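S.K.: Using only what follows, build the 3D model:
(chains A and B)
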Amino acid sequence: MSLQLTPDGRLRHLLTIDGLPRRLVEELLDAADSLRGVALRGNKKLPLLRGRTIINLFFEASTRTRTTFELAAERLSADVVNLDVASSSTSKGESLLDTLATLEAMHCDMFVVRHPDSGAAHFIAEHAAPGTAVLNAGDGRHAHPTQALLDAYTIRRHKPRFEDLTIAVVGDVLHSRVARSELRAFGILGAGELRVVGPRTLLPPAIEELGVQVHTDIESGITGADVIVMLRLQRERMRGAFLPSEGEYFRRYGLSAERLKLAKPDCIVMHPGPMNRGVEIASEVADGPRSVILEQVSNGLAVRMAVMSHILGAQVPA
Amino acid sequence: MSKVLIRGATLCYPHLGSERAVDLLFVPGQVLGMDPKPSQVRGAEEVDGRGRWLIPGLVDLAARLREPGATHKADIRSEVTAALLGGITHLVLPPDTRPAVDSTAVVELILRRAREGRGATVHAIGALTRDLGEEALAEMGALRAAGCIAVGNIGRPLGNSNLLRRALQYAASLDLPVHLQAIDPWIGAGGVAHEGRVAALQGLPGIPETTETLALARDLMLVEEAGVRAHFARLSCARSVALIADARRRGLRVSADVAMPNLFLNEHDVLPFRADAHLLPPLRTSADRDALRAALADGTIDAVCSDHQPHDPDAKLRPFPATEPGASGVDSFLGLGLKLVQEGVLSRSAWLERAALAPRRILGLPLPTLEAGALPDFVLVDPRAEYTLDAATMMSRGKNTPFRGWRLPGRVDLAVIADRLWIR
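M.R.: Next up is the predicted model:
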């Protein structure tokens, strides 16, 4: 019934955070804890995935995300192949299923997939050969589960009890797979209060039904928050159809040092990157003492190692 | 041609009074009469009608046949046959073929192929505007002369209100009915699912109900002003039903239909990214579905159609937003209609009214009779027989259906329109 979970509750694929049991999410975060040391020491590899092949299948350009998946796989001793399909055969008219079949003929163990269409990872998992795992590295507006896990992991390192936390996700929630997966993950971990903040043009209409509070005013939205997640505003949204201008967006929704004072004194500030400084976030906040943005990047490595090991059935040493 | 005798069937013709058991004798092309004398039936092939219903042929107000332009999906011959075997004796082809039905050559091609197809009778709707575009009126007079029963914009938004206004005035001058599908070209453009809870969760580009209601409100105003006879196609939400009801109260003579899937499914049926449930108009909330059912029951919505849109397998074998919308519908049209009766949504006579008689009135076709000399246009159906809808039981070339695996009531034992006869 569940495409991504095995009957005994392990991940066969990771396509979405939706529907994951809390126990499993916590297990993945615990495994990331054990792997963090290795992730940070670049010179040491674990033999957990020796002899396994992982294909990074990116239908949408993304150097940063692809690099962290590549590094994660290499630190686990897997063989990694990078395939930027955006510039390869699919643009020559080959169908997605043909591309998959060709790659499966090379006997790989896992596809790490990024695709511009919501549901693409799910589609690939449905049609992949048995025994080939799919790890969703971002599909359209739908999900970016490893980003949500690494953000949850980062929060947990600073503030271990989610029940006590007020978390505000600020910006373009409508087009954001990161926001969708985060809201799910934080909900599963029992977050005390979840808020989304942004203009109505950038919020999905039925978002309240997901159990979040909606704020169209950033100042009420971040007041008393323990965690603020600033979302990236994509350039094409700024050209007038969703927002009047970058400048107006920063004035209404940008996170400045002054505004940050409304949050709790120990509030942490996160951003999935890449940032638009001066559009959604002021440089002094991005580089300031509350920012954990660079820590997110290094945690991303540990979390992706944990997910890959779990899916491919390797035992992470405690 | 050899005679056929249906013996002991239950006559269910709501417009001809109460049901009763009949024997019916006919040859392809002509009804010979009910309850014939023994001398008349000599040599006739007998079909057992006991326990079966003899009903007027169903009329489908929207069936894409994919010809011309997309014969890798289906073709006129395959689909008119599938329709007849599904109990449909008349179907309406929307004008969004490729090229669009905006020239006499296309109309003639379609009607010729349909005659060769030996299945359901095809009625073509001509394009309201040239190439269904935003620039110029289509040659409506020529389209009617070539055989179109109406003109319309089915399947395409028409944003240019000024052009629409003139098109409606022009159609009114020709006393030509128009079939309109209300779609705003900008709101929800690029959307693939109802803008609601499920689309929000799944990150699917949404189609808000204002895509439909805004265009419908405008269209109703223009229809009222032009005084044209109008039919509104494929209502998908409760607010559209309210707009139609309100227009009727103001005295407008308009009719409306709903597509069968919107009476059974809702936005949750696209989970998890089920391409077969990618439909336009989209599946909306369960409250919308209930309102559509209620409106069909009380007559605010006059008719139900299959909105048949057969596809090749590749059209649905992609990530959800990249799949082509639409469901193959002629195979399940009768079964789902009977299911509405079983579920108590409609009485049997109300179902026949909505799926067979009202569509004829909308199209200006005569209501079928069984008098001697009448054109055969009826179906013999076993309401108790059940089957599983799947690729093996579907006769359409398009196997794309959100109802795959459903157990459906109603087996067609015999269907006939004019001289085209099919017996199981």
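S.K.: Burial check on the residue of the stretch 151-300 of chain A found nearest chain B, number of neighbours?
M.R.: Among all residues of the stretch 151-300 of chain A, residue A:204 sits closest to chain B, at 3.6 Å; criterion: C-beta to the nearest C-beta. Where you see a C-beta, it was placed from the backbone N, CA and C, and this is true even at glycine. For residue A:204, the neighbour count with other C-beta atoms under 10 Å in any protein chain shown is 26.
S.K.: hang on, it packs against residue B:199?
M.R.: Yes. When contacts are counted by C-beta atoms under 8 Å, residue A:204 is listed as touching residue B:199 (7.3 Å).
S.K.: joint contacts of the two?
M.R.: residue B:206 (C-beta atoms under 8 Å, 6 or more residues apart in numbering or on different chains).
S.K.: on that earlier part again, the nearest residue to the residue of the stretch 151-300 of chain A closest to chain B once chain neighbours are set aside: what's it in contact with?
M.R.: Nearest residue to residue A:204, sequence neighbours excluded (C-beta to C-beta, 6 or more residues apart in numbering or on different chains): residue B:200, at 3.6 Å. Counting by C-beta under 8 Å, 6+ apart, residue B:200 makes contact with A:204-207, A:209-210, B:206.
S.K.: of all the residues you listed, which two lie farthest apart?
M.R.: Across the contacts of residue B:200, no pair lies farther apart than A:210 and B:206, at 14.4 Å, counting by C-beta to C-beta.
S.K.: which among the contacts of residue B:200 end up buried?
M.R.: Neighbour-count burial (16 or more other C-beta atoms under 10 Å in any protein chain shown) is assigned, among the contacts of residue B:200, to A:204, A:206-207, A:210, B:206.
S.K.: And the helices in the stretch 151-300 of chain A?
M.R.: For the stretch 151-300 of chain A, the helices defined by DSSP state H, counting those that start in this stretch cover A:177-188, A:218-222, A:246-253, A:257-260, A:283-286, A:293-311.
S.K.: Pipe these into CSV and attach distance to chain B per row.
M.R.: Below are these laid out as CSV (distance: least, C-beta to the nearest C-beta, whole Å):
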stretch, distance to chain B
helix A:177-188, 6
helix A:218-222, 18
helix A:246-253, 20
helix A:257-260, 27
helix A:283-286, 26
helix A:293-311, 19
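S.K.: Redo the ones you listed as TSV? Include mean pLDDT.
M.R.: Below are the helices of the stretch 151-300 of chain A laid out as TSV (pLDDT from 0 to 100):
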stretch	mean pLDDT
helix A:177-188	96
helix A:218-222	98
helix A:246-253	93
helix A:257-260	97
helix A:283-286	97
helix A:293-311	96
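S.K.: hmm, back to that, which single one of the buried ones among the contacts of residue B:200 is nearest to residue B:154?
M.R.: Nearest to residue B:154, judged by C-beta to C-beta, of the buried ones among the contacts of residue B:200 is residue B:206 at 22.5 Å.
S.K.: For that closest one, give me its contacts.
M.R.: A:204-205, B:188, B:191, B:193-196, B:199-200.
S.K.: do residue B:29 as well
M.R.: B:1, B:375-376, B:418-419.
S.K.: What about those residues, which one has the most neighbours?
M.R.: residue B:376 (24 neighbours).
S.K.: Skipping adjacent residues, who's closest to that one in space?
M.R.: Nearest non-adjacent residue to residue B:376 (C-beta to C-beta, 6+ apart): residue B:416, at 4.4 Å.
S.K.: how deep is the one you found tucked in, by neighbour count?
M.R.: Counted with other C-beta under 10 Å, residue B:416 comes out at 25.
S.K.: Point out the other helices and strands that the strand or helix carrying it packs with.
M.R.: Element membership for residue B:416 (DSSP states H and E) is strand B:407-417. In this structure, strand B:407-417 packs against helix B:76-85, strand B:88-93, helix B:333-342, strand B:377-388, strand B:420-423, with contacts taken as 3 or more C-beta pairs under 8 Å, 6 or more residues apart in numbering or on different chains; DSSP states H and E.
S.K.: what angle do that strand and helix B:76-85 make?
M.R.: 110 degrees (axes from the mean of the first three to the mean of the last three C-alpha atoms, to 10 degrees).
S.K.: in strand B:407-417, what counts as buried?
M.R.: Neighbour-count burial for strand B:407-417 flags B:408-417 (criterion: 16+ other C-beta under 10 Å).
S.K.: For chain A, state which of those residues is nearest.
M.R.: For the buried residues of strand B:407-417, the nearest to chain A is residue B:408 (24.1 Å; C-beta to the nearest C-beta).
S.K.: which non-adjacent residue is nearest that closest one?
M.R.: residue B:335 (3.0 Å).
S.K.: now do residue A:255
M.R.: residue A:281 (4.9 Å).
S.K.: Which part of the stretch 51-200 of chain B gets nearest to chain A, residue-wise?
M.R.: residue B:200 (3.6 Å).
S.K.: what's the weakest-modelled helix or strand in chain A?
M.R.: helix A:96-104 (a mean of 87; mean pLDDT, DSSP states H and E).
S.K.: on contacts alone, who are the packing partners of it?
M.R.: Under the contact definition 3+ C-beta pairs under 8 Å, 6+ apart, helix A:96-104 sits against strand A:53-58, helix A:120-127.
S.K.: Can you name the residue of chain B nearest chain A?
M.R.: residue B:203 (3.1 Å).
S.K.: Got phi/psi on the residue of chain A found nearest chain B?
M.R.: In chain A, the residue that lies nearest chain B is residue A:141 (3.1 Å; C-beta to the nearest C-beta). With angles defined as degrees, to the nearest 10, residue A:141 sits at phi -100, psi 0.
S.K.: Contact partners for the residue nearest to it when sequence neighbours are not counted?
M.R.: Distances taken as C-beta to C-beta, 6+ apart put residue B:203 closest to residue A:141, at 3.1 Å, once the chain neighbours are dropped. Residue B:203 sits next to A:118, A:139-143, A:177, A:180 when contact means C-beta under 8 Å, 6+ apart.
S.K.: any chance of those in a markdown table, plus distance to residue A:20?
M.R.: Formatted as a markdown table, the contacts of residue B:203 follow (distance: C-beta to C-beta, whole Å):
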| residue | distance to residue A:20 |
| --- | --- |
| A:118 | 18 |
| A:139 | 16 |
| A:140 | 20 |
| A:141 | 19 |
| A:142 | 15 |
| A:143 | 11 |
| A:177 | 16 |
| A:180 | 14 |
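S.K.: circling back to that earlier point, what is the neighbour count of the residue of chain A closest to chain B?
M.R.: Neighbours of residue A:141 using other C-beta under 10 Å come to 27.
S.K.: shouldn't it be in contact with residue B:201?
M.R.: No. Using C-beta under 8 Å, residue A:141 is not in contact with residue B:201, being 10.4 Å away.
S.K.: which neighbours do these two share?
M.R.: residue A:180.
S.K.: So for the nearest residue to residue B:13 once chain neighbours are set aside, what pLDDT did the model give?
M.R.: In this structure, residue B:13 finds its nearest non-sequential neighbour in residue B:56, 6.0 Å apart by C-beta to C-beta, 6+ apart. On pLDDT, residue B:56 comes in at 98.
S.K.: As CSV, could you dump the C-alpha coordinates of stretch B:396-404?
M.R.: Provided in CSV are the C-alpha atoms of stretch B:396-404 (Å, rounded to 0.1, in the frame of the first residue of the first chain):
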residue,chain,number,x,y,z
SER,B,396,-12.4,2.1,-26.7
ARG,B,397,-8.8,2.3,-27.8
GLY,B,398,-8.2,4.6,-24.8
LYS,B,399,-7.9,2.5,-21.6
ASN,B,400,-7.3,5.5,-19.4
THR,B,401,-10.0,5.5,-16.7
PRO,B,402,-10.0,6.5,-13.1
PHE,B,403,-12.7,3.7,-12.6
ARG,B,404,-10.3,0.9,-13.5
